[in-house]
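> Dropping the sequence and predicted coords here.
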Amino acid sequence: MKEQTVLICGGGIGGLAAALVLARQGYRVEVFEQSDAFREIGAGIQIGPNAFRMFEHLGLTRAIDHVAYYPGNLCMRDVRTGEVVTRVPVSATAQGTYGYPYGVIYRVDLHSVLLEACAAQPSVGLYTHAKLERFAQDGDGVTVTLADGRKFQGAALIGADGLWSAVRQEIVADGAPRVSGHVAYRAVLPASEVPKHLFSPDVVLWGGEKTHLVHYPLRRGELFNLVAVFHSSLYEEGWNVFGDPHELHERFADAVGPVRELLGKIETWKMWVLCDREPVKNWSQGRVTLLGDAAHPMLQYLAQGACMAIEDAVVLGAALERAHGDFAGAFLEYQRVRCLRTARVQLTSRFYGDIYHASGVTRELRNQLFQSGTESAGFAGLKWLYEGVDPNSVFA
Ligand SMILES: Cc1cc2nc3c(=O)[nH]c(=O)nc-3n(C[C@H](O)[C@H](O)[C@H](O)COP(=O)(O)OP(=O)(O)OC[C@H]3O[C@@H](n4cnc5c(N)ncnc54)[C@H](O)[C@@H]3O)c2cc1C
(Lines give C-alpha, C1' and ligand atoms only; values in the text may rest on other atoms or scores of the structure.)
Protein backbone atom coordinates (compact mmCIF):
# COMPACT_ATOMS: atom_id res chain seq x y z
CA MET A 1 0.00 0.00 0.00
CA LYS A 2 2.66 2.51 1.07
CA GLU A 3 4.67 2.27 -2.16
CA GLN A 4 1.96 4.47 -3.67
CA THR A 5 2.89 7.94 -4.94
CA VAL A 6 1.35 11.16 -3.64
CA LEU A 7 1.70 14.24 -5.85
CA ILE A 8 2.03 17.65 -4.17
CA CYS A 9 1.57 20.91 -6.03
CA GLY A 10 3.56 23.71 -4.34
CA GLY A 11 6.87 23.67 -2.48
CA GLY A 12 6.11 26.32 0.14
CA ILE A 13 5.96 25.72 3.88
CA GLY A 14 2.72 23.71 3.63
CA GLY A 15 3.74 21.56 0.66
CA LEU A 16 7.12 20.64 2.16
CA ALA A 17 5.62 19.89 5.58
CA ALA A 18 3.14 17.53 3.89
CA ALA A 19 5.90 15.91 1.82
CA LEU A 20 7.92 15.23 4.96
CA VAL A 21 4.98 13.71 6.84
CA LEU A 22 3.98 11.43 3.94
CA ALA A 23 7.54 10.33 3.10
CA ARG A 24 8.04 9.32 6.72
CA GLN A 25 4.88 7.23 6.43
CA GLY A 26 6.41 5.36 3.52
CA TYR A 27 4.79 7.07 0.52
CA ARG A 28 6.71 8.07 -2.56
CA VAL A 29 6.14 11.85 -2.84
CA GLU A 30 6.65 14.12 -5.87
CA VAL A 31 6.64 17.87 -5.13
CA PHE A 32 6.10 20.28 -8.05
CA GLU A 33 7.24 23.88 -7.61
CA GLN A 34 6.62 26.39 -10.38
CA SER A 35 9.60 28.62 -9.46
CA ASP A 36 13.19 28.05 -10.54
CA ALA A 37 14.13 27.07 -6.97
CA PHE A 38 12.59 25.94 -3.71
CA ARG A 39 12.79 29.14 -1.70
CA GLU A 40 10.96 31.53 0.60
CA ILE A 41 10.95 35.29 0.63
CA GLY A 42 13.15 37.16 3.11
CA ALA A 43 10.80 38.17 5.90
CA GLY A 44 9.96 37.17 9.43
CA ILE A 45 7.14 34.97 10.60
CA GLN A 46 5.67 34.46 14.06
CA ILE A 47 5.19 30.91 15.22
CA GLY A 48 2.66 30.12 17.92
CA PRO A 49 2.96 27.30 20.48
CA ASN A 50 0.49 25.28 18.40
CA ALA A 51 3.05 25.08 15.58
CA PHE A 52 5.92 24.26 17.96
CA ARG A 53 3.80 21.30 19.06
CA MET A 54 3.78 20.19 15.40
CA PHE A 55 7.56 20.68 15.10
CA GLU A 56 7.95 18.24 17.98
CA HIS A 57 5.71 15.77 16.17
CA LEU A 58 7.85 16.20 13.02
CA GLY A 59 11.09 15.75 14.96
CA LEU A 60 12.21 19.25 13.98
CA THR A 61 12.38 20.92 17.40
CA ARG A 62 16.18 21.10 17.52
CA ALA A 63 16.58 22.32 13.95
CA ILE A 64 13.99 25.05 14.50
CA ASP A 65 15.43 25.98 17.87
CA HIS A 66 18.77 26.57 16.18
CA VAL A 67 17.37 29.39 13.99
CA ALA A 68 14.40 30.73 15.97
CA TYR A 69 14.29 33.78 18.20
CA TYR A 70 12.21 33.78 21.37
CA PRO A 71 10.86 37.22 22.32
CA GLY A 72 10.20 37.98 25.97
CA ASN A 73 6.99 39.95 25.36
CA LEU A 74 4.30 40.71 22.82
CA CYS A 75 3.80 44.42 23.20
CA MET A 76 1.10 46.66 21.71
CA ARG A 77 1.61 50.42 21.65
CA ASP A 78 -0.51 53.28 20.38
CA VAL A 79 1.18 54.69 17.27
CA ARG A 80 -0.02 58.26 17.96
CA THR A 81 0.86 58.54 21.65
CA GLY A 82 3.43 55.81 22.17
CA GLU A 83 1.53 54.57 25.25
CA VAL A 84 1.75 50.85 26.02
CA VAL A 85 -1.70 49.35 25.38
CA THR A 86 -0.80 45.86 26.52
CA ARG A 87 2.28 43.76 27.17
CA VAL A 88 2.01 39.96 27.27
CA PRO A 89 5.00 38.16 28.84
CA VAL A 90 4.83 35.62 26.05
CA SER A 91 8.00 33.75 26.81
CA ALA A 92 6.80 32.64 30.24
CA THR A 93 3.10 32.42 29.34
CA ALA A 94 3.36 30.25 26.23
CA GLN A 95 5.72 27.72 27.74
CA GLY A 96 3.92 27.70 31.08
CA THR A 97 0.38 27.46 29.71
CA TYR A 98 0.80 25.45 26.53
CA GLY A 99 4.06 23.61 27.09
CA TYR A 100 5.61 25.09 23.93
CA PRO A 101 7.28 28.44 23.21
CA TYR A 102 6.19 31.41 21.11
CA GLY A 103 8.91 32.21 18.59
CA VAL A 104 9.74 34.22 15.52
CA ILE A 105 11.73 32.88 12.60
CA TYR A 106 13.12 34.03 9.28
CA ARG A 107 10.89 32.45 6.64
CA VAL A 108 13.97 31.40 4.67
CA ASP A 109 15.23 29.48 7.72
CA LEU A 110 11.91 27.71 8.37
CA HIS A 111 11.65 26.75 4.71
CA SER A 112 15.28 25.51 4.71
CA VAL A 113 14.67 23.30 7.75
CA LEU A 114 11.73 21.68 5.94
CA LEU A 115 13.57 21.44 2.62
CA GLU A 116 16.60 19.77 4.20
CA ALA A 117 14.38 17.31 6.05
CA CYS A 118 12.61 16.47 2.77
CA ALA A 119 15.87 16.17 0.84
CA ALA A 120 17.07 13.66 3.44
CA GLN A 121 14.15 11.38 2.51
CA PRO A 122 15.08 9.25 -0.54
CA SER A 123 11.39 8.87 -1.42
CA VAL A 124 10.81 12.61 -1.98
CA GLY A 125 11.21 13.95 -5.53
CA LEU A 126 11.64 17.74 -5.69
CA TYR A 127 10.94 19.35 -9.08
CA THR A 128 11.51 23.03 -9.94
CA HIS A 129 10.24 24.75 -13.13
CA ALA A 130 7.27 22.46 -12.57
CA LYS A 131 4.06 24.44 -12.86
CA LEU A 132 0.89 22.39 -12.59
CA GLU A 133 -1.40 23.29 -15.44
CA ARG A 134 -4.18 20.75 -14.96
CA PHE A 135 -5.00 17.40 -13.45
CA ALA A 136 -7.48 14.61 -14.02
CA GLN A 137 -8.60 11.91 -11.63
CA ASP A 138 -10.42 8.61 -11.90
CA GLY A 139 -11.10 5.76 -9.50
CA ASP A 140 -7.48 4.57 -9.67
CA GLY A 141 -5.44 7.74 -9.38
CA VAL A 142 -4.59 11.26 -10.49
CA THR A 143 -2.64 12.47 -13.52
CA VAL A 144 -0.97 15.88 -13.31
CA THR A 145 0.06 17.76 -16.44
CA LEU A 146 2.73 20.43 -16.07
CA ALA A 147 2.97 23.58 -18.18
CA ASP A 148 5.86 22.09 -20.18
CA GLY A 149 3.76 19.05 -21.06
CA ARG A 150 5.31 16.55 -18.64
CA LYS A 151 2.80 14.19 -17.05
CA PHE A 152 3.00 12.49 -13.64
CA GLN A 153 0.73 9.86 -12.15
CA GLY A 154 -0.01 9.21 -8.53
CA ALA A 155 -2.57 7.77 -6.18
CA ALA A 156 -3.56 11.24 -4.92
CA LEU A 157 -2.89 14.97 -5.31
CA ILE A 158 -2.46 17.62 -2.61
CA GLY A 159 -2.86 21.22 -3.75
CA ALA A 160 -0.51 23.24 -1.53
CA ASP A 161 -0.24 25.97 -4.14
CA GLY A 162 -1.14 28.96 -2.03
CA LEU A 163 -3.54 31.87 -2.31
CA TRP A 164 -3.96 31.73 -6.11
CA SER A 165 -4.21 27.92 -6.13
CA ALA A 166 -4.86 26.35 -9.52
CA VAL A 167 -5.93 23.10 -7.85
CA ARG A 168 -8.54 24.98 -5.80
CA GLN A 169 -10.11 26.37 -8.95
CA GLU A 170 -10.84 22.83 -10.14
CA ILE A 171 -12.37 21.80 -6.81
CA VAL A 172 -13.94 24.83 -5.12
CA ALA A 173 -14.10 27.06 -8.23
CA ASP A 174 -14.62 30.26 -6.26
CA GLY A 175 -12.56 32.59 -8.45
CA ALA A 176 -10.07 35.18 -7.28
CA PRO A 177 -9.31 35.75 -3.58
CA ARG A 178 -10.99 38.59 -1.65
CA VAL A 179 -8.83 41.71 -1.75
CA SER A 180 -8.94 43.09 1.80
CA GLY A 181 -7.91 46.65 0.91
CA HIS A 182 -4.92 46.28 3.23
CA VAL A 183 -1.29 46.14 2.08
CA ALA A 184 1.87 45.14 3.94
CA TYR A 185 5.30 46.65 3.35
CA ARG A 186 8.12 44.52 4.66
CA ALA A 187 11.85 44.89 5.15
CA VAL A 188 14.62 43.13 7.05
CA LEU A 189 17.69 44.97 8.40
CA PRO A 190 20.86 43.68 10.01
CA ALA A 191 20.18 44.27 13.73
CA SER A 192 23.47 46.19 13.91
CA GLU A 193 21.96 48.89 11.66
CA VAL A 194 19.10 49.62 14.07
CA PRO A 195 19.97 52.50 16.40
CA LYS A 196 19.92 51.42 20.07
CA HIS A 197 17.03 53.74 21.00
CA LEU A 198 14.84 52.17 18.27
CA PHE A 199 15.70 48.54 18.95
CA SER A 200 13.39 46.34 21.03
CA PRO A 201 13.96 42.67 21.87
CA ASP A 202 10.16 42.12 21.93
CA VAL A 203 7.53 41.67 19.23
CA VAL A 204 6.15 45.22 19.15
CA LEU A 205 2.94 46.21 17.35
CA TRP A 206 2.24 49.92 16.98
CA GLY A 207 -1.52 50.21 16.33
CA GLY A 208 -2.98 53.27 14.58
CA GLU A 209 -5.99 54.33 12.54
CA LYS A 210 -6.07 51.98 9.54
CA THR A 211 -2.34 51.33 10.06
CA HIS A 212 0.04 49.32 12.17
CA LEU A 213 3.73 48.56 12.30
CA VAL A 214 5.18 45.33 13.70
CA HIS A 215 8.85 44.78 14.41
CA TYR A 216 10.92 42.08 16.07
CA PRO A 217 14.43 40.60 15.97
CA LEU A 218 15.07 37.47 13.91
CA ARG A 219 17.64 34.71 13.61
CA ARG A 220 18.77 34.71 17.24
CA GLY A 221 18.76 38.51 17.14
CA GLU A 222 21.05 39.05 14.13
CA LEU A 223 18.30 40.56 11.96
CA PHE A 224 15.46 43.01 12.55
CA ASN A 225 12.12 42.50 10.81
CA LEU A 226 9.67 45.29 10.02
CA VAL A 227 6.17 44.97 8.57
CA ALA A 228 4.06 48.10 8.06
CA VAL A 229 0.41 47.52 7.22
CA PHE A 230 -2.14 50.09 6.06
CA HIS A 231 -5.37 50.40 4.11
CA SER A 232 -4.75 51.14 0.43
CA SER A 233 -6.57 50.87 -2.85
CA LEU A 234 -3.40 49.65 -4.57
CA TYR A 235 -3.62 46.18 -5.98
CA GLU A 236 -0.99 44.10 -7.63
CA GLU A 237 -1.15 40.34 -7.52
CA GLY A 238 1.89 38.63 -6.10
CA TRP A 239 4.09 38.54 -3.05
CA ASN A 240 7.20 40.21 -4.25
CA VAL A 241 6.55 43.65 -5.74
CA PHE A 242 8.10 46.93 -4.60
CA GLY A 243 6.12 49.31 -2.39
CA ASP A 244 5.91 53.10 -2.68
CA PRO A 245 7.74 54.67 0.33
CA HIS A 246 5.90 57.99 -0.19
CA GLU A 247 2.55 56.34 0.38
CA LEU A 248 3.95 54.57 3.43
CA HIS A 249 5.30 57.76 5.04
CA GLU A 250 2.05 59.58 4.30
CA ARG A 251 0.06 56.87 6.13
CA PHE A 252 2.34 57.06 9.17
CA ALA A 253 2.62 60.86 9.18
CA ASP A 254 0.91 61.15 12.60
CA ALA A 255 3.01 58.39 14.21
CA VAL A 256 5.31 59.11 17.17
CA GLY A 257 8.92 60.04 16.38
CA PRO A 258 10.57 56.63 16.92
CA VAL A 259 8.15 54.97 14.49
CA ARG A 260 8.76 57.55 11.77
CA GLU A 261 12.49 57.32 12.40
CA LEU A 262 12.41 53.53 12.10
CA LEU A 263 10.42 53.65 8.85
CA GLY A 264 12.88 56.23 7.52
CA LYS A 265 15.77 53.75 7.96
CA ILE A 266 14.49 51.68 5.05
CA GLU A 267 14.84 52.76 1.44
CA THR A 268 13.38 49.78 -0.34
CA TRP A 269 10.22 48.04 0.76
CA LYS A 270 8.67 44.91 -0.68
CA MET A 271 4.89 44.90 -0.79
CA TRP A 272 2.19 42.30 -0.28
CA VAL A 273 -1.44 42.93 -1.16
CA LEU A 274 -3.34 41.19 1.61
CA CYS A 275 -6.13 38.85 0.57
CA ASP A 276 -8.19 36.08 2.10
CA ARG A 277 -11.26 34.04 1.22
CA GLU A 278 -14.54 33.11 2.82
CA PRO A 279 -14.23 29.80 4.68
CA VAL A 280 -15.49 26.76 2.77
CA LYS A 281 -15.77 23.08 3.63
CA ASN A 282 -15.54 21.43 0.23
CA TRP A 283 -11.83 21.48 -0.38
CA SER A 284 -11.52 17.70 -0.87
CA GLN A 285 -12.82 15.94 -3.96
CA GLY A 286 -12.09 12.26 -4.46
CA ARG A 287 -8.32 11.74 -4.51
CA VAL A 288 -7.53 15.46 -4.47
CA THR A 289 -7.40 17.80 -1.49
CA LEU A 290 -6.04 21.23 -0.54
CA LEU A 291 -3.73 22.35 2.25
CA GLY A 292 -2.54 25.66 3.75
CA ASP A 293 -3.40 28.90 1.95
CA ALA A 294 -4.90 26.98 -0.96
CA ALA A 295 -7.57 25.65 1.42
CA HIS A 296 -8.10 28.52 3.87
CA PRO A 297 -6.16 31.70 3.10
CA MET A 298 -6.34 34.21 5.93
CA LEU A 299 -5.19 37.71 6.76
CA GLN A 300 -2.00 37.83 8.82
CA TYR A 301 -3.44 39.56 11.89
CA LEU A 302 -3.29 36.42 14.05
CA ALA A 303 0.07 35.38 12.54
CA GLN A 304 -1.21 31.86 11.86
CA GLY A 305 -1.32 31.09 8.11
CA ALA A 306 1.90 29.09 8.08
CA CYS A 307 1.10 27.56 11.49
CA MET A 308 -2.22 26.31 10.09
CA ALA A 309 -0.48 24.88 7.00
CA ILE A 310 1.90 22.91 9.25
CA GLU A 311 -1.01 21.66 11.40
CA ASP A 312 -2.83 20.64 8.19
CA ALA A 313 0.14 18.55 7.08
CA VAL A 314 0.33 16.65 10.37
CA VAL A 315 -3.43 16.06 10.56
CA LEU A 316 -3.56 14.98 6.92
CA GLY A 317 -0.85 12.43 7.68
CA ALA A 318 -2.84 11.15 10.66
CA ALA A 319 -5.97 10.82 8.49
CA LEU A 320 -4.07 8.80 5.87
CA GLU A 321 -2.52 6.59 8.55
CA ARG A 322 -6.01 5.57 9.66
CA ALA A 323 -7.47 5.15 6.18
CA HIS A 324 -5.40 2.18 4.94
CA GLY A 325 -5.15 3.41 1.36
CA ASP A 326 -8.62 5.02 1.09
CA PHE A 327 -7.42 8.45 -0.04
CA ALA A 328 -10.88 9.86 -0.76
CA GLY A 329 -12.14 8.85 2.68
CA ALA A 330 -9.02 10.19 4.41
CA PHE A 331 -9.27 13.54 2.60
CA LEU A 332 -12.90 13.96 3.69
CA GLU A 333 -11.99 13.15 7.29
CA TYR A 334 -9.05 15.58 7.18
CA GLN A 335 -11.33 18.31 5.81
CA ARG A 336 -13.96 17.55 8.45
CA VAL A 337 -11.60 17.99 11.38
CA ARG A 338 -9.78 21.00 9.92
CA CYS A 339 -12.49 23.16 8.39
CA LEU A 340 -14.07 24.75 11.49
CA ARG A 341 -10.75 25.36 13.24
CA THR A 342 -9.22 27.01 10.18
CA ALA A 343 -12.46 28.96 9.52
CA ARG A 344 -12.29 30.30 13.06
CA VAL A 345 -8.73 31.49 12.47
CA GLN A 346 -9.72 33.09 9.13
CA LEU A 347 -12.59 35.04 10.71
CA THR A 348 -10.78 35.93 13.95
CA SER A 349 -7.88 37.27 11.90
CA ARG A 350 -10.19 39.80 10.23
CA PHE A 351 -11.50 40.83 13.66
CA TYR A 352 -7.98 41.35 15.03
CA GLY A 353 -7.24 43.61 12.05
CA ASP A 354 -10.15 45.80 13.11
CA ILE A 355 -8.81 45.94 16.67
CA TYR A 356 -5.29 46.89 15.60
CA HIS A 357 -6.54 49.56 13.18
CA ALA A 358 -9.22 51.06 15.43
CA SER A 359 -9.89 54.79 15.61
CA GLY A 360 -12.13 57.10 17.63
CA VAL A 361 -14.15 55.59 20.47
CA THR A 362 -13.25 52.07 19.39
CA ARG A 363 -9.56 52.89 19.85
CA GLU A 364 -10.20 54.42 23.28
CA LEU A 365 -12.23 51.41 24.34
CA ARG A 366 -9.56 49.03 23.05
CA ASN A 367 -6.87 50.82 25.00
CA GLN A 368 -8.95 50.95 28.17
CA LEU A 369 -9.95 47.27 28.01
CA PHE A 370 -6.43 46.07 27.31
CA GLN A 371 -4.91 48.31 29.96
CA SER A 372 -7.40 47.26 32.64
CA GLY A 373 -6.96 43.52 32.01
CA THR A 374 -4.24 41.32 33.39
CA GLU A 375 -1.04 41.06 31.39
CA SER A 376 -1.87 37.71 29.90
CA ALA A 377 -5.67 38.11 29.55
CA GLY A 378 -5.50 38.76 25.79
CA PHE A 379 -3.35 35.71 25.28
CA ALA A 380 -5.64 33.53 27.40
CA GLY A 381 -8.51 34.37 25.02
CA LEU A 382 -6.60 32.51 22.33
CA LYS A 383 -6.32 29.25 24.29
CA TRP A 384 -8.47 27.49 21.66
CA LEU A 385 -5.80 28.41 19.11
CA TYR A 386 -2.50 28.08 20.91
CA GLU A 387 -3.16 24.79 22.70
CA GLY A 388 -3.20 23.32 19.18
CA VAL A 389 -4.21 19.89 17.98
CA ASP A 390 -3.21 16.42 19.03
CA PRO A 391 -2.87 14.36 15.85
CA ASN A 392 -3.38 11.18 17.86
CA SER A 393 -6.77 12.17 19.25
CA VAL A 394 -8.10 14.67 16.71
CA PHE A 395 -10.23 11.99 15.00
CA ALA A 396 -11.62 10.57 18.23
C1 LIG B 1 2.39 40.06 5.65
C2 LIG B 1 2.21 38.61 6.03
C3 LIG B 1 2.64 38.19 7.28
C4 LIG B 1 2.44 36.87 7.68
N5 LIG B 1 2.84 36.51 8.92
C6 LIG B 1 2.63 35.25 9.34
C7 LIG B 1 3.04 34.86 10.64
O8 LIG B 1 3.60 35.65 11.40
N9 LIG B 1 2.80 33.56 11.03
C10 LIG B 1 2.19 32.65 10.21
O11 LIG B 1 2.02 31.49 10.61
N12 LIG B 1 1.79 33.01 8.96
C13 LIG B 1 2.00 34.27 8.50
N14 LIG B 1 1.62 34.63 7.25
C15 LIG B 1 0.92 33.64 6.39
C16 LIG B 1 1.87 32.68 5.68
O17 LIG B 1 2.83 33.42 4.96
C18 LIG B 1 1.12 31.79 4.71
O19 LIG B 1 -0.06 31.32 5.32
C20 LIG B 1 1.98 30.59 4.30
O21 LIG B 1 3.10 31.03 3.59
C22 LIG B 1 1.16 29.62 3.45
O23 LIG B 1 2.00 28.57 3.04
P24 LIG B 1 1.54 27.63 1.85
O25 LIG B 1 2.63 26.62 1.69
O26 LIG B 1 0.15 27.16 2.05
O27 LIG B 1 1.49 28.59 0.56
P28 LIG B 1 2.64 29.42 -0.14
O29 LIG B 1 3.68 29.84 0.81
O30 LIG B 1 1.97 30.46 -0.95
O31 LIG B 1 3.33 28.37 -1.12
C32 LIG B 1 2.70 27.96 -2.31
C33 LIG B 1 3.78 27.46 -3.26
O34 LIG B 1 3.14 26.89 -4.40
C35 LIG B 1 3.80 27.32 -5.59
N36 LIG B 1 2.80 27.25 -6.68
C37 LIG B 1 1.73 28.03 -6.86
N38 LIG B 1 1.03 27.65 -7.94
C39 LIG B 1 1.70 26.58 -8.47
C40 LIG B 1 1.47 25.73 -9.60
N41 LIG B 1 0.42 25.88 -10.40
N42 LIG B 1 2.36 24.73 -9.83
C43 LIG B 1 3.43 24.55 -9.02
N44 LIG B 1 3.71 25.33 -7.94
C45 LIG B 1 2.83 26.33 -7.67
C46 LIG B 1 4.27 28.73 -5.24
O47 LIG B 1 5.31 29.15 -6.08
C48 LIG B 1 4.69 28.56 -3.79
O49 LIG B 1 6.03 28.16 -3.67
C50 LIG B 1 1.81 35.94 6.79
C51 LIG B 1 1.41 36.35 5.54
C52 LIG B 1 1.61 37.66 5.15
C53 LIG B 1 1.15 38.08 3.78
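Thanks, I have it. Numbers count the residues shown, from 1 in each chain.
> and the nearest residue to residue 78 once chain neighbours are set aside, what element?
Nearest non-adjacent residue to residue 78, counting by C-beta to C-beta, 6 or more residues apart in numbering: residue 85, 5.8 Å away. Just so you know, the C-beta spots here come from the backbone N, C-alpha and C atoms, and that holds for glycine as well. Taking DSSP states H and E as the criterion, residue 85 maps to strand 84-88.
> buried residues in that strand?
Buried residues in strand 84-88, defined by neighbour count with 16 or more other C-beta atoms under 10 Å: 85, 86, 87, 88.
> so, if you compare those residues, which one comes nearest to the ligand?
Closest approach between those and the ligand, by C-beta to the nearest ligand atom: residue 88, at 15.4 Å.
> you'd agree residue 5 is up against residue 28?
Yes: the criterion here is C-beta atoms under 8 Å, and residue 5 meets it with residue 28 at 4.3 Å.
> re the thing from before, doesn't residue 204 make contact with the residue nearest to residue 78?
No: in terms of C-beta under 8 Å, residue 85 does not count as a neighbour of residue 204; the distance is 10.9 Å.
> shared neighbours, the two?
Counting by C-beta atoms under 8 Å, 6 or more residues apart in numbering, the shared contacts of residue 85 and residue 204 are 76, 77.
> neighbouring contacts of stretch 170-177?
Here stretch 170-177 makes contact (C-beta under 8 Å, 6+ apart) with 134-135, 159, 163-164, 168-169, 275-278, 280, 282-285, 288, 290, 297.
> 10 Å instead?
The contact list for stretch 170-177 (C-beta atoms under 10 Å, 6 or more residues apart in numbering) reads 132, 134-137, 157, 159, 162-165, 168-169, 237, 273-278, 280-286, 288-290, 293-295, 297.
> hmm, which of those residues are the buried ones?
Using 16+ other C-beta under 10 Å as the burial test, the contacts of stretch 170-177 include 132, 135, 137, 157, 159, 162-165, 168, 273-277, 280, 283-286, 288-290, 293-295, 297 as buried.
> Mind giving me the packing neighbours of the lowest-mean-pLDDT helix or strand in the chain?
Every helix and strand of the chain was ranked by mean pLDDT, DSSP states H and E. The lowest is helix 377-380, at a mean of 73. The contact analysis (3 or more C-beta pairs under 10 Å, 6 or more residues apart in numbering; DSSP states H and E) places helix 377-380 against strand 74-78, strand 84-88, helix 90-98, helix 360-372, helix 383-386.
> Go through the ones you listed and pick out the most buried.
Mean neighbours per residue, mean count of other C-beta atoms under 10 Å, is largest over the helices and strands packed on helix 377-380 for strand 74-78, with a mean of 22.
> Next up, the contacts around the closest residue to the ligand within the stretch 51-200 of the chain.
Scanning the stretch 51-200 of the chain for the residue nearest the ligand gives residue 162, at 2.6 Å (criterion: C-beta to the nearest ligand atom). Counting by C-beta under 10 Å, 6+ apart, residue 162 makes contact with 9-10, 12-15, 34, 168, 177, 239, 292-294, 297, 305, 309.
> Could you do residue 148 as well?
Residue 148 is in contact with 129, 130, 131, 133, counting by C-beta under 10 Å, 6+ apart.
> Break down the stretch 151-300 of the chain into its strands, ranges please.
Taking DSSP state E, counting those that start in this stretch as the criterion, the stretch 151-300 of the chain contains strands spanning 151-154, 156-159, 178-190, 203-208, 211-218, 223-231, 241-242, 270-276, 284-285, 288-290.
> who in the stretch 51-200 of the chain is up against the ligand?
Proximity of the stretch 51-200 of the chain to the ligand (C-beta under 6 Å from any ligand atom) is limited to residues 130, 131, 132, 160, 161, 162, 163, 166, 184.
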